[in-house]
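Trainee: Predicted structure and sequence below. I'll ask about it afterward.
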Amino acid sequence: MNNPSINTTTTLSAGRNSTTLSLNEGYFARRNALDWIFAVLVAGGFLYALARYSAYMDVYEKGILLSTIPATIAMGWFWRPLRVLMALAAGFSLLGIASYQGDLARAEQVFWLKYFLSSQSAILWMSVLFFMSTIFYWVGMFAGRAGSSQSRSFELLGSKIAWVAVGMALIGTLVRWYESYLIGADIGHIPVSNLYEVFVLFCWMTAAFYLYFEEQYNTRALGAFVMLVVSAAVGFLLWYTVVREAHEIQPLVPALKSWWMKIHVPANFVGYGMFALASMVSLAYLVKQQADEKRWYKLTPLWMLGVVLCFVPIVFRKSLTSDSNYWIIYLLVSGLVVSTILLGRKRIAERLPSFEVLDDVMYKAIAVGFAFFTIATVLGALWAAEAWGGYWSWDPKETWALIVWLNYAAWLHMRLMKGLRGTVAAWWALVGLAVTTFAFLGVNMFLSGLHSYGTL
């Protein structure tokens, strides 16, 4: 496999004199045979889809599909593990789709559909696997000495299980897309249209981003923290599924029947996922910083985490009487997590990477999230102009999206212009999660407006 950093060196000799020229290999010259095979398979698959389904697409949707080809190839070339993930997710998704044979009832008749490959089965597997991944990361945090084979084994298990969970989420999403069309051609849509579907999107995106940073920085210790927010999202997803039966595929409301949704929502959730990841890294930073702290009032981040977690059932108080057992379990698990971090903070601090690595991951996550959130905001304004006749209407969702954007714009400005680092940066990123969560969920719960599609 070619290394992108390798240079080609040529030496020209003439008598006693010699000249050495270093030539940087071009981007395409660094591609190997597997890279090109991957590119051909991606292009072939997408072009086949275009040829077969072009009659059902408008010109914008065709443009989105065609532009996805180079984007997918570039991602596979940039981070090679994605190629395996894409190939397996596509293969199992196609197996699931073929197994339906055009009949949705086969989801309860075919073994691998019923237990693995139907959208609901795959998403339930995703949920279980993310919980398992979180547990193994935390066991690895406390097993043996730092860097011991026992600790590394548990962390490796957590990482591998997280990869499988991401794959199951992708399979569930792709099969759900097909299932929506089996219900009716007028009902079929990309599954990013309601809270249930976007929570699945948030879970696998956040986990995938973390797995990239895990490989780049050669550390798995952060998985214990980042997977907490993924598991929290999974917990909400399960509650939303059981109590509200949100997993049922519903027809799109008229305002969402637009090709804009296919690009606006995913771009938004790249931002949300990166912001959530940055906040958990900032929590790890603060835990490491306060590892030797004995004064209880100095352990504010951990006390605040406990208060916030205990506040969640109050927010969902409408359901406290009907699903009290769920919230009792939730409070017990939340208390266990907070007490584990509080009591084991010194040991945790020893396992975490250096402050410089934590700070760098936090910065890069916010920078990438901000870029995509900006793109999503612009796309949302263009969509609003088409749907409602104006780019901006000060709808509650739009207003809070602007607040989120300004918050992270200010963070990045202070970072780049004033050298913001350390404790203040970590606190700011952690508070940013609260702002982002309200924009994501709080607006749907407490406010109403043009974006009230995912009601709770």
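Mentor: On my side now, so go ahead.

Trainee: From Y272, how far off is P266?
Mentor: 11 Å (C-beta to C-beta, to the nearest Å). Any C-beta I mention is one placed from the backbone N, CA and C, and that applies to glycine too.

Trainee: Name the residue in the two with the higher neighbour count.
Mentor: Y272 (25 against 16; other C-beta atoms under 10 Å).

Trainee: so what's the more buried one up against?
Mentor: Each residue near Y272 by C-beta atoms under 8 Å, 6 or more residues apart in numbering is listed here: F202, G369, F373, T436, F440.

Trainee: Can you check the pLDDT for it?
Mentor: At Y272, the pLDDT value in this model is 95.

Trainee: For it, pull up the helix or strand it's in.
Mentor: helix 261-289 (DSSP states H and E).

Trainee: State the number of residues packed around S148.
Mentor: S148 has 12 neighbouring residues, counting by other C-beta under 10 Å.

Trainee: Distance check, it against I328.
Mentor: 36 Å.

Trainee: coming back round to it: from the contacts of Y272, pick the one nearest W405.
Mentor: W405 lies nearest to F373 out of the contacts of Y272, by C-beta to C-beta, at 6.2 Å.

Trainee: For the protein, give me the ranges with low pLDDT.
Mentor: Judged by pLDDT under 70, the chain has its weakly predicted residues at 1-24, 295-324, 327, 447-456.

Trainee: now the strands: where do they sit in it?
Mentor: Assigned by DSSP state E, the chain shows strands spanning 7-14, 17-24.

Trainee: List the residues that contact the nearest residue to I69 once chain neighbours are set aside.
Mentor: Closest residue in space to I69, ignoring its immediate chain neighbours: F46 at 4.8 Å, by C-beta to C-beta, 6 or more residues apart in numbering. By C-beta under 8 Å, 6+ apart, F46 lies in contact with L65, L66, T68, I69, T72.

Trainee: just K346 next, same as before
Mentor: A291, D292.

Trainee: That one and Y391, how far apart?
Mentor: 52 Å.

Trainee: And A371, by the same measure?
Mentor: 20 Å.

Trainee: Next: I366.
Mentor: For I366, the distance to Y391 - C-beta to C-beta - is 26 Å.

Trainee: before we move on, what about W163?
Mentor: Distance from W163 to Y391, by C-beta to C-beta: 40 Å.

Trainee: So between these two, which is more surrounded?
Mentor: A direct count of neighbours by other C-beta under 10 Å for W163 and Y391 places W163 higher, at 18 against 14.

Trainee: which residues touch the closest residue to that one other than its chain neighbours?
Mentor: Among residues not flanking W163 along the chain, L211 sits closest, at 6.5 Å (C-beta to C-beta, 6+ apart). Residues near L211 by C-beta under 8 Å, 6+ apart: P81, S159, A162, W163, V166.

Trainee: repeat that for 7 Å
Mentor: For L211, the contacting residues are S159, A162, W163, by C-beta atoms under 7 Å, 6 or more residues apart in numbering.

Trainee: Isn't the first one up against L222?
Mentor: No - contact criterion C-beta atoms under 7 Å: S159 and L222 do not qualify, at 10.8 Å.

Trainee: list the residues that contact both of these two?
Mentor: E214.

Trainee: neighbour count winner among those two?
Mentor: Neighbour count, other C-beta under 10 Å: between S159 and L222, L222 has more, with 23 against 20.

Trainee: distance of the more buried one from G144?
Mentor: Distance from L222 to G144, by C-beta to C-beta: 18 Å.

Trainee: From E61, how far off is the nearest residue to Y60 once chain neighbours are set aside?
Mentor: Among residues not flanking Y60 along the chain, W259 sits closest, at 4.4 Å (C-beta to C-beta, 6+ apart). According to C-beta to C-beta, W259 stands 5 Å off from E61.

Trainee: Enumerate every residue touching T219.
Mentor: By C-beta under 7 Å, 6+ apart, the contact list for T219 reads P353, V357.

Trainee: Can we start the residue count at 35 from this point?
Mentor: Renumbered: residue one is now 35, and that last one reads T253.

Trainee: Got phi/psi on it?
Mentor: Main-chain dihedrals, T253, degrees, to the nearest 10: phi -140, psi 140.

Trainee: Count the neighbours of V198 for me.
Mentor: Neighbour tally, V198, other C-beta under 10 Å: 17.

Trainee: wait, what's in contact with the residue lying closest to it once chain neighbours are set aside?
Mentor: Take V198 and drop its neighbours on the chain: the residue closest to it by C-beta to C-beta, 6+ apart is L163, 5.6 Å away. Each residue near L163 by C-beta under 7 Å, 6+ apart is listed here: I195, V198, A199, M202.

Trainee: I figured the last one hits M160, correct?
Mentor: Just to be clear, that refers to M202. Yes - using C-beta under 7 Å, M202 makes contact with M160 at a distance of 4.3 Å.

Trainee: separation between the closest residue in space to L413 that isn't next to it in sequence and F406?
Mentor: Once flanking residues are discounted, L413 sits nearest to H298: 4.3 Å by C-beta to C-beta, 6+ apart. As judged by C-beta to C-beta, H298 and F406 stand 11 Å apart.

Trainee: Between those two, point out the one with more neighbours.
Mentor: Under the neighbour definition other C-beta under 10 Å, H298 and F406 were set side by side, and H298 has more, 22 against 18.
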